[in-house]
Structures are given as C-alpha cells and as structure tokens.
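**Q** quick one, fold the following:
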Amino acid sequence: MNAPASPKSLAQDESALERWSREYAQQIGDERPVTNRSGIVIKPLYSPADLRSGSYETDLGFPGQAPYTRGIYATMHRGRTWTQRQLIGLGTPESYNERLRDILGQGATAVSLIPCNSVFRGYDMDEVDAELLGTCGVVVNTTEHMQRCLEGVDLARVSCAMNDPSPFTLLAFMLSAARRRGVDWRSITGTSNQSDFLSHFVANHMFFRIALPGARTILTDHIAWCKQHVPRWNPLSVVGQHMQQAGATPAQAMAFALGSAIQYAEDCVDAGMEIDEVLPRFTFFFDISVSFFEEVAKFRAGRRLWARIARDRLGAKDPRSWRFKFHGQTSGVDLTRQQPLNNIARVTAQAIAGIFGGLQSLHTDAYDEVLSCPSQFGARIAVATQNILREEAHLTDVIDPLGGSYYVERLTDEMEQHIVAIMAEVDAQGGMYKAVESGFVQQRIGESARRFQQGVDSGEQVIVGVNAYQVDEDADARPTNPKPDAATIDIHRERFAQFKRDRSNDGVRAALDALARAANGEGGNIFGRVVDAADADCTHGEICARLRRELGFGQPLAMV
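**A** Residues are numbered from 1 along each chain as shown. This is a model prediction of the structure:
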C-alpha cells in the first residue's frame with residue numbers, strides 16, 4: 001500500500017494544483033468573487049499553503065494555554081458544557097416565575113431576566129400606558145417584584161443574568177431580595193448583562209438612560225462595588241451583540257467590543273483598581289449570525305487577541321485575566337417573519353457555530369421570537385435544540401473540532417487581521433469612548449448595514465423565504481403569543497399603587513437624597529446607594545429619575 005503524500009509534498013506538486021485550477025475554471029465558468037459578511041474574499045479551496053508560517057504552539061497551542069485560540073479551559077465542553085440560558089420576560093412577576101420554572105425543568109441551567117420595555121426605558125409601570133406593559137418582558141419595579149420573580153430559585157446556587165442597563169436597579173433588587181432571604185452575597189453568581197453603556201449609546205438607544213459621562217461614572221462605581229461586596233458576580237458584560245444586530249460585520253463587532261473592553265479596563269485603572277482584580281470578572285456577549293465559518297473564526301480570533309491585549313497592552317499578569325469568557329446568543333436579526341419555522345434551522349446552525357467557537361454560555365432564540373415575545377412552545381424547542389446538540393449530536397466530544405482545518409485557520413488569521421485594523425482606527429480616534437462620542441463607530445456600522453441591505457435588495461444575499469424560495473402563506477396563520485391578560489396587569493398596577501402608599505416615604509426621600517449626593521461626588525459609591533435605595537423600597541423609576549436629574553438624560557447620537 002502506498003503511503004499518503006505529506007502536506008509538504010502536496011503543496012509543492014504544482015502539476016496537481018495546476019490541473020485542479022484548470023478543471024475548476026472550466027467547470028465553474030465566470031464567477032463573481034465570494035465574500036463573507038466581514039468583506040473577506042473566500043477562495044474555493046484551501047490547502048497547507050494557506051497556513052501562515054509559525055509553530056503550532058505560537059499560533060494555536062492547547063486549550064487552556066496561550067495563545068488560547070483553541071479555548072480558555074483545558075477541558076472545554078468535554079469537561080463542562082456551556083451554561084444553558086434562556087432569555088425570559090413575560091408579563092407580571094408571577095407569569096415570569098411560572099415560565100422560568102418550566103424552562104429550568106426543560107434543561108436550562110441559569111436564570112436570565114428580560115424586563116419590560118418600560119423598565120429598559122427607565123420608567124415605572126404607572127408612568128406608561130397600561131397597554132404596553134409586559135408585552136416584551138416582565139414588569140419589575142421593586143424588590144418585592146424581584147422576590148416574586150425568583151420565588152423557588154436558590155440564589156446561592158443558580159447563576160442569574162440581569163439584563164439591566166445603568167444604574168443596574170434589577171441587580172440591586174435581587175441583592176435586596178437575597179438579603180431578605182438571608183442569602184450571603186458572596187455566594188451569588190451571575191452577570192450584569194447589559195452593563196456596556198457604550199454599546200447602548202451606539203446601537204440600543206432605548207437602553208441608554210443617563211448621559212454619557214454619568215453612565216461612565218456609574219459603571220466604574222458598579223464594578224468597584226461588586227468587586228468588594230459580590231465577588232463572584234461579573235459586573236461587566238462587553239456587548240458586541242448590539243452592534244452586530246445594528247449592522248456591524250462580525251469583524252467590526254469583535255473589534256468594537258475589544259475596544260470597549262480596553263476602554264473599561266483603563267477606566268478601572270484610572271479609578272484606582274488593580275488590573276488583575278477586575279479583568280477576571282470581565283465577560284463578553286456576542287451575536288452569532290448564520291454565517292457559520294465566519295462566526296467560528298470570529299470567536300477564535302477574538303479569544304487569541306484578548307489574551308494578547310490583556311497581557312501585553314493592559315499589563316495583566318494573572319492568566320485568569322487573559323481568558324476571553326463569552327456568552328453567545330443566536331442572532332434574532334437573521335430570523336424571518338416569512339416561513340417562521342425555517343428559523344429553527346437557522347438557530348441550529350448559529351448554535352453550532354457558537355459551540356464550535358468555544359462559548360461559555362448560550363441562548364438559542366425561539367423560532368417565533370421574530371413575531372412576538374416567544375411562546376412557551378417556541379421556548380421549549382429552543383431549549384431542546386441545545387439538549388439535542390449536546391446529547392445526541394455529541395458536539396462536546398472533541399475540543400475545538402474545526403482546529404487544523406485549512407479554511408478555518410486561514411479564516412481565523414484573516415479575521416484577526418481585519419479586527420486589528422479596525423481597532424487601529426478606533427485608537428486613532430482616541431479610544432472607544434471618544435470614537436463613540438464623535439459618531440465614528442456609528443457611521444462605520446451604518447455603512448455596513450447599508451451594504452448588507454443592498455445585497456438583500458439586489459438578491460445577491462439570499463434570504464430563504466424573503467427574496468428567494470418564497471411561498472404563498474397566510475400571515476394570519478403565523479404563530480402569535482397573546483398579550484398579557486389586561487386584568488392581570490391591572491391587578492399588578494393596583495398592588496404597586498398600594499405598595500407605594502404603604503411604604504415609608506421618609507425612608508424613600510432619604511435614600512434618593514443620598515443617591516443624589518453620591519452622583520455629585522459627595523456621598524460614596526453610586527451603585528452602593530442604588531442598593532440602599534432598593535432596600536428602602538425606592539422604585540426603579542424613582543432611582544432612574546433622580547440620577548437623570550443629577551447626571552443628565554441619555555441622548556444618543558442620531559446618525560444619518
């Protein structure tokens with residue numbers, strides 16, 4: 001039996017390469033260049049000649065070791081699979097708790113709370129039209145509401161993600177509820193999942209409640225306070241997701257997220273914190289688009305880059321600071337209202353890309369999320385998708401299974417080059433804060449969004465069921481999730497009004513005045529005062545309103 005040719009001999013066999021190139025050209029005919037969403041030209045075939053020169057240890061290494069291309073832990077998913085999170089936000093605290101228990105029973109392993117849009121905007125339920133309440137998330141305005149949301153959840157054992165922009169009232173309510181239960185804050189784990197104010201300023205305007213300088217101060221105080229009082233909590237989640245969903249390419253989303261992380265790290269150091277005390281609690285949150293190999297390469301390149309940035313640029317010496325811990329969510333913007341059941345296939349492909357990219361936790365969108373708040377039926381399918389990929393498809397058997405692929409390694413290198421080039425542009429603007437403040441980042445994202453939409457409009461970018469493979473369908477037959485029961489919302493509002501009548505108004509005023517002093521640099525840590533306000537039965541809207549009065553109302557740039 002003849003021995004197989006070595007990679008080296010294949011690369012040097014020009015006659016074989018020439019023969020293949022000629023046959024390919026004859027069979028393919030005229031071919032337009034193929035590019036991915038980040039603008040990288042994709043060749044039809046990759047070989048050892050496409051790998052950059054360098055040793056295995058330098059470019060790839062082993063999981064849990066520098067340069068971390070293949071994963072941040074030695075065992076990765078073979079030793080401990082990703083945390084299964086399912087975003088849930090539904091009506092009243094009682095409705096949320098019922099759905100949460102069902103999802104945990106289906107296999108989810110962590111809590112992720114999505115509040116009502118009124119909460120995201122910084123208002124209480126008695127400040128908005130009742131018809132809007134609970135349609136996109138749960139209405140949580142007080143510590144008592146949070147207690148009902150998390151009834152039956154062991155806060156000392158179950159990790160919680162609070163989708164909670166500055167000033168982080170949801171975490172304050174959770175900590176106050178934990179104190180009332182007698183739970184030691186040092187045992188609480190989870191993430192302030194919407195703490196990245198720069199991403200909100202750029203791409204998620206509804207979340208941006210407080211003027212840019214004030215939001216910066218609050219986040220730094222939040223990180224410092226959590227480091228001292230809730231040491232296992234991750235106070236910062238750097239969000240690339242918002243920017244990618246707004247139209248950033250995968251390479252841009254990674255570059256802007258890394259630029260934001262650098263900015264936040266430098267802000268912490270400027271505030272007197274040690275770099276190795278804060279970086280181990282930095283986490284990242286990314287969109288996973290349906291561009292499969294591009295997403296895998298994005299995560300592998302980002303992990304390698306962050307290790308280098310943390311060590312060489314930020315001066316971190318603790319290997320835990322070099323770990324690129326990230327949560328992935330399948331991309332809602334890839335889902336279509338047309339033929340919505342096709343979204344199950346899209347979500348599955350996205351989830352596999354995230355898993356092969358080495359994520360630490362995963363949310364899979366429900367197929368009907370594009371239509372409304374996900375139904376219980378749709379949410380169960382989304383959770384089951386993760387269970388099937390882990391248990392039946394055996395995706396956890398091998399660490400970094402695409403590592404060594406000529407295509408994936410070349411694409412990882414090219415993604416890294418693109419990311420570094422974009423980060424250099426941000427640095428030239430004076431860093432991420434100034435680049436966002438000036439609108440530079442927003443302009444770049446807008447240009448990318450426009451290019452992608454032009455591709456869809458022209459048919460060059462095929463979207464199944466939208467601009468190709470269309471079928472006649474009855475829009476009325478699409479699945480819908482009914483709005484929260486109006487009577488239930490009315491009861492929730494009445495209980496809230498009674499709560500406000502029964503509490504100590506003197507205690508509320510004193511807590512809000514203390515919060516105002518902290519906001520003006522006269523009374524300690526701002527987030528510490530937010531927690532005190534939650535303990536004093538201040539409401540979400542009252543806390544946000546007082547900080548807006550002292551620090552200014554959030555007004556993101558509107559780019560045209």
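**Q** what residue is smack in the middle of this structure?
**A** residue 285 (2.8 Å; Cα atoms, centre = their mean).
**Q** before we move on, what's the pLDDT of that residue?
**A** Model confidence at residue 285, expressed as pLDDT, equals 96.
**Q** what does the one 4 residues further on give?
**A** The predicted structure scores residue 289 at 97 on the pLDDT scale.
**Q** burial count for it?
**A** Other residues lying near residue 289 total 24 when counted by other Cβ atoms under 10 Å. (Glycine included, C-beta is placed from N, CA and C.)
**Q** next one: it from residue 100, what distance?
**A** As judged by Cβ to Cβ, to the nearest Å, residue 289 and residue 100 stand 28 Å apart.
**Q** quick check: residue 416 touching residue 301?
**A** Yes - in this structure, residue 416 sits in contact with residue 301. The criterion is Cβ atoms under 8 Å, and the distance is 4.0 Å.
**Q** neighbour count: these two, which is higher?
**A** For residue 416 against residue 301, the residue with the higher neighbour count under other Cβ under 10 Å is residue 301, and the figures read 25 against 21.
**Q** for that one, what are its contacts?
**A** Applying Cβ atoms under 8 Å, 6 or more residues apart in numbering, we find residue 301 in contact with 254, 412, 413, 415, 416, 419.
**Q** can you rerun that using 10 Å?
**A** Residue 301 makes contacts with 69, 250-251, 254, 357, 411-420, as judged by Cβ atoms under 10 Å, 6 or more residues apart in numbering.
**Q** check residue 298 too.
**A** 36-38, 240, 244, 249-251, 253-254, 286-289, 291, 353, 357, 411-412, 415-416, 418-419.
**Q** please redo it, this time with the cut-off set to 7 Å
**A** 250, 251, 254, 415 (Cβ atoms under 7 Å, 6 or more residues apart in numbering).
**Q** contacts only, for the first one.
**A** This points to residue 250. Residue 250 sits in contact with 37, 38, 244, 289, 291, 294, 295, 298, where contact means Cβ under 7 Å, 6+ apart.
**Q** between those residues, which is nearest residue 431?
**A** Compare each of the contacts of residue 250 with residue 431 using Cβ to Cβ and the shortest gap goes to residue 244, at 20.7 Å.
**Q** quick one: the closest one is in a helix?
**A** Yes - with DSSP: H, G, I helix; E, B strand; the rest coil as the criterion, residue 244 is located in a helix.
**Q** measure residue 447 to residue 39 for me?
**A** Applying Cβ to Cβ to residue 447 and residue 39 gives a distance of 11 Å.
**Q** from one end of stretch 27-41 to the other, what's the distance?
**A** Counting by Cα to Cα, to the nearest Å, the length from the leading to the trailing residue of stretch 27-41 is 20 Å.
**Q** quick one: the helices in the stretch 1-150 of the chain, in order.
**A** In chain order, the stretch 1-150 of the chain shows helices spanning 7-12, 14-28, 56-59, 76-79, 93-106, 117-120, 143-149, with DSSP state H, counting those that start in this stretch as the criterion.
**Q** coming back round to it: what residues are up against the residue nearest to the centre of the chain?
**A** Under the criterion of Cβ under 7 Å, 6+ apart, the contact partners of residue 285 comprise 193, 237, 238, 239, 240, 241, 326, 327.
**Q** for it, name its beta-bridge partners.
**A** Partner residues in beta bridges with residue 285, using DSSP bridges, are residue 239, residue 327.
**Q** who touches stretch 36-47?
**A** 10-11, 24, 33-35, 249-251, 289, 291, 294, 406-407, 410-411, 414-415, 418, 452.
**Q** please flag which of the residues you listed sit within helices.
**A** Judged by DSSP state H, the contacts of stretch 36-47 include 10-11, 24, 250-251, 294, 406-407, 410-411, 414-415, 418, 452 as members of helices.
**Q** what average pLDDT does the helix or strand encompassing residue 300 get?
**A** Here residue 300 sits within helix 292-308, counting by DSSP states H and E. Within the predicted structure, the mean pLDDT of helix 292-308 is 98.
**Q** so how far is it off the chain centroid?
**A** In terms of Cα atoms, centre = their mean, to the nearest Å, the gap separating the centre of helix 292-308 from the centre of its chain is 15 Å.
**Q** can you give me the buried ones in it?
**A** Applying a neighbour-count criterion of 16 or more other Cβ atoms under 10 Å, one finds 292-307 buried in helix 292-308.
**Q** again, but for stretch 56-75
**A** Within stretch 56-75, the residues that qualify as buried are 59-61, 63-65, 67-73, counting by 16+ other Cβ under 10 Å.
**Q** again with stretch 367-384
**A** Going by 16+ other Cβ under 10 Å, stretch 367-384 has these buried residues: 367-375, 378-383.
**Q** in the chain, what helix or strand scores lowest on average pLDDT?
**A** Sorting the helices and strands of the chain by mean pLDDT, DSSP states H and E puts helix 7-12 at the bottom, at a mean of 52.
**Q** A strand includes residue 441, no?
**A** No - with three-state DSSP as the criterion, residue 441 is located in helix rather than a strand.
**Q** sounds good, over and out.
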